[in-house]
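J.: Sequence and predicted structure, then a few things I'm wondering about:
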Amino acid sequence: MNLRLMLSRLLIVALLFAALSTAAASAAERSPNFVVIYIDDMGYGDIGPFGAEGYQTPNLDRMAEEGRRFTDFYVTQAVCSASRAGLMTGCYNVRVGILGALNHTANHGISSDEMTIADVVKQKGYATACFGKWHLGHHPKFLPTKHGFDEYVGLPYSNDMWPGHPTGGKNYPPLPLIEGTKVIDADVTSQDQEQLTTLYTEKAVDFINRNKDRPFFLYVPHSMVHVPLYVSDKFRGKSERGLFGDVVMEIDWSVGQILDAIRKNKLDKNTLVVFTADNGPWLSYGDHAGTAGPLREGKGTMFDGGCREPAVMWWPGKIPAGSVCATPAMTVDILPTIAALIDAPLPKNKIDGKSIWPLIAAEPGAKSPHEAYFFYYGPQLHAMRMGRWKLHFPHDYRTLSGRKGGAGGIPVNYDQAQIELSLFDLESDIAESTDVKDKQPEVLAKMQQLADAMRADLGDGRNPGIGRREPGRLEESDLRFHWEPGKPNETEAH
């Protein structure tokens, strides 16, 4: 071999090595991807890693085996819009003015003054998408593409807010399916609802495939397992638990499709996936509702059955496989955690969440960055958690009083009950059944002191506090581009 040929081949090898090294370095330096899968009305005991029975969730089981279960993970409020406001803004929903569940008559939604997770990551050039139920305002100015998301396909609010409502839908207009800010299906049918889980999943997988070469944030807030329950032919009749089990199995399939897309694109070592839910089970629906497992009550209450959710986090190589975190955490912490991981500026407005990355990564000695978490229902402070302790302040709540829920998608009525000032030790009493306030006067005094400080900030009942902000509201200029649910909108120029 002559010298010139040898040098030429050595140069080619050197160039190839340099290219591979550059590619490897680029992959290592690339900002991580984030995926949040948010289920509607899923109970604490509704997936395999948290003890589900009567159906299988193999993809979530594997996700937990390869990731980390959070046994004490909370939402801000046990109702749809309020919970989503907490997740998206990193704030207690009371702070940003979103209470309850917004319907087709609401003239308010998330404010343009608030930053969502999507807004935060856009500061670092991320691709962003939301596929599923939004529920932070249905008018164009409140939809995801006006709040940091590049893409959106989904329902603007709950799937029961339509003429097919289980208990009578005469007060509801047709249910719209939206892409961006345009209504693409003005009258979602039962057959359409059967395909919602598949639709959201296909959109999510396509988004991952299209953005494999740049960092992305993907938010998949499923419409299921909110009643009325719908499932595709793929899973109809597959579970021993009936329709509810079928629906959860399809949700599990969706999780598997998303994780498979991440793996196939070789993004698993650079992607944090969070799976959790917006509130506990709607117990009055009985066999069409899930279970809170050992927890007390369900959706619509701030007992743990309403606001403590199954949560699994997955990031191979970053999160220890098969691990469990029993330290309390909350959805408000997701935004600041993501911001910290990519060194993005936090919102200028005050937020309540804090980075919990040390807990997620199971760093030695990791502790909660919060002294306590607070639980409002509507504008009233119902409860708080400090370490192992859960304190309830006097309030009314709904309950089935030990009765069974309804059958076939028709609910039974709740009873109304009241709890007085009560302190529970959740480490020994997960069901919040035994009041120990008389045995723990120092704990009670400390928690009441923290609660008073929170009341000064966010109020309690009619006392508004000083830290609440207004939601976004419709203005006269918005009405020129206003659309009514169930009617095609005339323009996307919002």
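T.: Noted; the coordinates are in hand.
J.: Which parts of the stretch 201-350 of the chain are strands?
T.: 216-221, 271-277, 308-314, 323-325, 329-330 (DSSP state E, counting those that start in this stretch).
J.: and of those, who's closest to Leu243?
T.: strand 271-277 (18.2 Å; Cβ to Cβ). C-beta coordinates here come from the backbone N, C-alpha and C atoms, glycine included.
J.: circling back to that earlier point, can you tell me which of the strands of the stretch 201-350 of the chain is nearest to Leu99?
T.: Short answer: strand 329-330, nearest of the strands of the stretch 201-350 of the chain by Cβ to Cβ, at 17.4 Å.
J.: shaky segments in this structure?
T.: Flagging of the chain using pLDDT under 70 yields the residue ranges 1-28, 479-494.
J.: residues near the residue lying closest to Ser254 once chain neighbours are set aside, how many?
T.: Nearest non-adjacent residue to Ser254, counting by Cβ to Cβ, 6 or more residues apart in numbering: Thr201, 4.2 Å away. Neighbour count for Thr201, taken as other Cβ atoms under 10 Å: 24.
J.: Test my guess that Thr201 contacts Gln257.
T.: Yes: applying Cβ atoms under 8 Å, one finds Thr201 in contact with Gln257, separated by 5.1 Å.
J.: Tell me how many other residues surround Ser232.
T.: For Ser232, using other Cβ under 10 Å, the count is 17.
J.: Could you double-check that it sits in contact with Thr198?
T.: Yes: using Cβ under 8 Å, Ser232 is in contact with Thr198, at 5.4 Å.
J.: so what sits against both of the two?
T.: Glu250 (Cβ atoms under 8 Å, 6 or more residues apart in numbering).
J.: In contact with Tyr44, which residues?
T.: Here Tyr44 is in contact with 50, 280, 291-295, 304-305, 308-310 (Cβ under 8 Å, 6+ apart).
J.: Please check those residues and keep the buried ones.
T.: 50, 280, 291-293, 295, 304-305, 308-310 (16 or more other Cβ atoms under 10 Å).
J.: Which of the three states applies to the residue lying closest to Gly256 once chain neighbours are set aside?
T.: Sequence neighbours aside, Asn59 is the residue nearest to Gly256 in space, at 3.4 Å (criterion: Cβ to Cβ, 6+ apart). Secondary structure state of Asn59, per DSSP: H, G, I helix; E, B strand; the rest coil, is helix.
J.: Asn59 and Lys133: what is the separation?
T.: 21 Å (Cβ to Cβ, to the nearest Å).
J.: which one of these two has more residues nearby?
T.: Neighbour count, other Cβ under 10 Å: between Asn59 and Lys133, Lys133 has more, with 25 against 22.
J.: Which residues are in contact with that one?
T.: 40, 80, 154-159, 221-223, 226.
J.: closest to Ile184 among those?
T.: Once Cβ to Cβ is applied, the member of the contacts of Lys133 that ends up nearest Ile184 is Gly154, at 10.6 Å.
J.: Is Asn93 within a helix or a strand, and which one?
T.: Counting by DSSP states H and E, there is no helix or strand that carries Asn93.
J.: For the stretch 351-494 of the chain, which segments count as strands?
T.: 373-377, 380-386, 389-392, 395-399, 415-419, 422-425, 472-473.
J.: my bad, the stretch 51-200 of the chain
T.: Counting by DSSP E, counting those that start in this stretch, the strands of the stretch 51-200 of the chain are 68-74, 108-109, 127-131, 151-154, 177-179, 182-185.
J.: So if we follow the domain assignment, how does the chain break up?
T.: Taking automatic domain parsing as the reference, the chain has its domains at 31-371, 376-472.
J.: For Asp478, find the nearest of those domains.
T.: Closest among these, once you apply Cβ to Cβ, is domain 31-371, at 5.8 Å.
J.: what about the closest one, start to end distance?
T.: In domain 31-371, first residue to last residue: 30 Å (Cα to Cα, to the nearest Å).
J.: Over to stretch 414-433?
T.: 20 Å.
J.: Could you list the buried residues of that stretch?
T.: 414, 419, 422-426, 430-432.
J.: Now these in a markdown table, please, with extra columns for distance to Cys91.
T.: Output for the buried residues of stretch 414-433, formatted as a markdown table (distance: Cβ to Cβ, whole Å):
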| residue | distance to Cys91 |
| --- | --- |
| Tyr414 | 29 |
| Ile419 | 26 |
| Ser422 | 27 |
| Leu423 | 27 |
| Phe424 | 26 |
| Asp425 | 29 |
| Leu426 | 24 |
| Ile430 | 28 |
| Ala431 | 30 |
| Glu432 | 26 |
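J.: Give me the neighbour count for the nearest residue to Asp150 once chain neighbours are set aside.
T.: The shortest distance from Asp150 to any non-neighbouring residue, by Cβ to Cβ, 6+ apart, is to Thr128 (5.0 Å). By other Cβ under 10 Å, the residues close to Thr128 number 27.
J.: quick one, what contacts Thr128?
T.: 118, 121-122, 148-151, 216-219.
J.: repeat for Phe73
T.: 276, 308-311, 328-331.
J.: do that again at 7 Å, thanks
T.: Going by Cβ atoms under 7 Å, 6 or more residues apart in numbering, Phe73 touches 276, 308-309, 311, 329.
J.: in this protein, which spans are helices?
T.: 3-29, 58-66, 80-89, 117-122, 190-194, 196-210, 243-264, 304-307, 334-342, 357-360, 441-458 (DSSP state H).
J.: looking at those, which is closest to Gly405?
T.: Going by Cβ to Cβ, the one of those nearest Gly405 is helix 243-264, 11.1 Å.
J.: packing partners for the closest one?
T.: Using 3 or more Cβ pairs under 7 Å, 6 or more residues apart in numbering; DSSP states H and E, the elements in contact with helix 243-264 are strand 33-39, helix 58-66, helix 196-210, strand 271-277.
J.: Let me know the angle separating that helix from helix 196-210.
T.: 10 degrees (axes from the mean of the first three to the mean of the last three Cα atoms, to 10 degrees).
J.: Can you pull out the residues in contact with helix 243-264?
T.: By Cβ under 7 Å, 6+ apart, helix 243-264 touches 35, 37, 39, 46, 54-60, 63, 197, 201, 204-205, 208-209, 222, 224-225, 229, 231-232, 234-239, 268, 271, 273, 275, 287-288, 290.
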